[in-house]
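> Turn this into a structure:
(one chain, ligands or ions: 2)
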Amino acid sequence: MRILLFTGKGGVGKTTAAAATALRLAARGHKTLVMSADPAHSLADALGGPPIGDRPTEVAPGLMAAQIDGLARMAQHWAGGSDWPALTAQLSAALSAGGLDPIVAEELAVLPGLDELMTLLAVGEEVAGGLYDAVVVDCAPTGQTLRLLTLPGVLDRYLERLYPTHQRMLRSLGLFGRARPGGGAASGDVRGREALALGVHRLHESLAALGRILTDPAITRVRLVLTPESSALAEARRASTALALFGYALDGVIVNRVIDDADLDFSQLPSWLATWVTAQRRGLADVTASFPDLPTRLVRHQGGEPVGVERLGQVADQLYGSGAEEIDPLAGPEQAALMKVVADGAEYKLCLALPHVQSADVTLNRVGDELAVRVEGHRRLVALPGLLSRCRIVGAVMAEGTLNVRFEPDPDRWPAELLRANASAQGPDA
Ligand SMILES: Nc1ncnc2c1ncn2[C@@H]1O[C@H](COP(=O)(O)OP(=O)(O)O)[C@@H](O)[C@H]1O
Ligand SMILES: [Mg+2]
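Numbers count the residues shown, from 1 in each chain. Ligands and ions are numbered 1, 2, ... in the order given. Just a heads-up that it's a prediction; the model follows:
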């Protein structure tokens, strides 16, 4: 099972690229599902066929498609449909009963981005269903996509904080292995809380699982779509930084709407077109320079809108070749680990891939056993591996798109025998 996510600035051709890719995958015999996660759905328009609903329907041989309706799912999810405000009240009451400050409980109950969460869970559901070889996700524009992709981590932490609360609830209700005090039948109120606690527990579990799947480069790859224009490139560069920060593997860049200038006679062109073509050439050079390690595929400006199976097939030919030259759209480059720890003499180095970033743009903070990395308005808490949690930070530097944070053993927290082993490993002269 593989998951391909297509993202980029609004209007650059994400839906077109995702639909063309999905069609090609299906044509090559992969059981494929293409899902639109952009609330402004246009997948059905791109495919040029019948309307596409919230649940997968077949749109071409071997190709299923769905346009996820996060809001509708949210309403369904909290059964009762229209009962959303009541549920919020119930949830916040349950949270404060679990020992949480009532005001905090109220805020937590109105989880922001819940429709995005539903969208993400919908993807997770299909992935878990195991019916497909490939799931192609046509994402919303970059900013929204990043919010979506950071949800598992953020909410996981969020629920982790609540965990003691709902775990305690589950335990007191006898759902965590211990018998319910008194052993009798549960009252309606208790049953409601049981269901809620179990719901939070399940949500926590499915988010954690989905987070693992989405950040596993053997399963999930992100492809950035852009046009050869400076604003689209700037957004793509920022996206690549944020994706790396949160552990998402980028495996290709698609430059769309490239004007084929091979046979153009510049002296014959109207000046606006000549200017456009020249700017595109410069833009293309900037894209290649920005992503030197990633395969960059070009799609020509098609004249009209590439809508429908046939015209999307032409786009797929440009993306993945045709005939003997054809490659499988699932193929991508080997992924280097985005984060690793290396021993460096008596020190350790935590190396975190952060492309397109200068030292001055990164802020680091140690928060207990975590390292808070803040860059361009994004913040990630990196859980320090056991070894590093017993170290203190002695320096940090950005080099060639990698943040290197230097650690040395903290004598107060480092086990004495390890400290001795370390000293002898350095030899008598150290
Ligand atoms: N290579 C291309 N040549 C011409 N028009 C294109 C090309 N790629 C996409 N389009 C058109 O541009 C518009 C936006 O494309 P779309 O794939 O919906 O972008 P996004 O999903 O990024 O918002 C659509 O009308 C689409 O048909
Ligand atoms: Mg789109």
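
> Provide a list of residues in contact with H378.
Counting by C-beta atoms under 8 Å, 6 or more residues apart in numbering, H378 makes contact with L146, T150, T241, A242, L245, F246. Bear in mind the C-beta positions are built from the backbone N, C-alpha and C, glycine included.

> List the ones among those residues that fall in helices.
Among those, DSSP state H puts L146, T150, T241, A242, L245 in helices.

> restrict those to contacts with ligand 1.
By C-beta under 6 Å from any ligand atom, no member of these lies near ligand 1.

> Rank those residues by pLDDT and give me only the lowest.
Sorting the ones in helices among the contacts of H378 by confidence puts T150 at the bottom, with a pLDDT of 84.

> thinking again about what came up before, most surrounded residue in the ones in helices among the contacts of H378?
Using other C-beta atoms under 10 Å as the neighbour criterion, L245 leads the ones in helices among the contacts of H378 with 27 neighbours.

> Touching, that one and L381? I think so.
No - counting by C-beta atoms under 8 Å, L245 sits too far from L381 to count as a contact (10.9 Å).

> Identify the contacts common to those two.
By C-beta under 8 Å, 6+ apart, the residues touching both L245 and L381 are V373.

> now stretch 384-403: how far from the chain's centre is it?
Offset of stretch 384-403 from its chain centre (C-alpha atoms, centre = their mean, to the nearest Å): 24 Å.

> returning to what we had before: including distance to ligand 2, could the contacts of H378 go into JSON lines?
Output for the contacts of H378, formatted as JSON lines (distance: C-beta to the ion, whole Å):
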{"residue": "L146", "distance to ligand 2": "16"}
{"residue": "T150", "distance to ligand 2": "20"}
{"residue": "T241", "distance to ligand 2": "22"}
{"residue": "A242", "distance to ligand 2": "19"}
{"residue": "L245", "distance to ligand 2": "24"}
{"residue": "F246", "distance to ligand 2": "22"}
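
> Farthest-apart pair in those, please.
Distance extremes for the contacts of H378: the farthest pair is T150 and T241 at 13.0 Å, using C-beta to C-beta.

> Could you pick out the residues of this structure near ligand 2 for me?
Within reach of ligand 2 by C-beta under 5 Å from the ion, the chain has these residues: K14, T15, D38, S42.

> a strand runs through the second one, doesn't it?
It refers to T15. No - T15 sits outside any strand when classified using DSSP: H, G, I helix; E, B strand; the rest coil, being helix.

> show me what contacts it?
F6, S36, D38, S42, L43, D45, A46, D138.

> and of the residues you listed, the nearest to ligand 1?
Lowest distance from ligand 1 to those (C-beta to the nearest ligand atom) belongs to S42, with 4.7 Å.

> isn't that closest one right next to S36, touching?
Yes - here S42 lies in contact with S36, judged by C-beta under 8 Å, at a distance of 7.4 Å.

> The two: who's more crowded?
Neighbours were counted for S42 and for S36 using other C-beta under 10 Å; S36 has more, 27 against 16.

> Now do the nearest residue to L387 once chain neighbours are set aside, the pLDDT please.
Counting by C-beta to C-beta, 6 or more residues apart in numbering, the nearest residue to L387 once its immediate chain neighbours are dropped is Y348, at 6.7 Å. On the pLDDT scale, Y348 is placed at 96.

> please renumber so the chain begins at 58
Right, with 58 as the first residue, what we last looked at is Y405.

> I figured T73 was touching G370, is that so?
No - counting by C-beta under 8 Å, T73 stays clear of G370, with 11.9 Å between them.

> Those two: which has the busier surroundings?
Neighbours were counted for T73 and for G370 using other C-beta under 10 Å; T73 has more, 27 against 15.

> residue in the chain nearest to ligand 2?
T72 (3.3 Å; C-beta to the ion).

> how about the helices of the stretch 58-207 of the chain, start to end?
71-84, 100-104, 127-134, 141-154, 159-166, 171-186, 199-229 (DSSP state H, counting those that start in this stretch).

> Tell me the spacing between the residue of the chain closest to ligand 2 and ligand 1.
Per C-beta to the nearest ligand atom, to the nearest Å, T72 is found 3 Å from ligand 1.

> and if you look at L330?
15 Å.

> same check, this time on R339
19 Å.

> Could you look up the SS state of that residue?
Here R339 is recorded as helix under three-state DSSP.

> Do me a favour and average the pLDDT over the helix or strand containing V356.
Using DSSP states H and E, V356 falls within strand 353-357. For strand 353-357, mean pLDDT rounds to 97.
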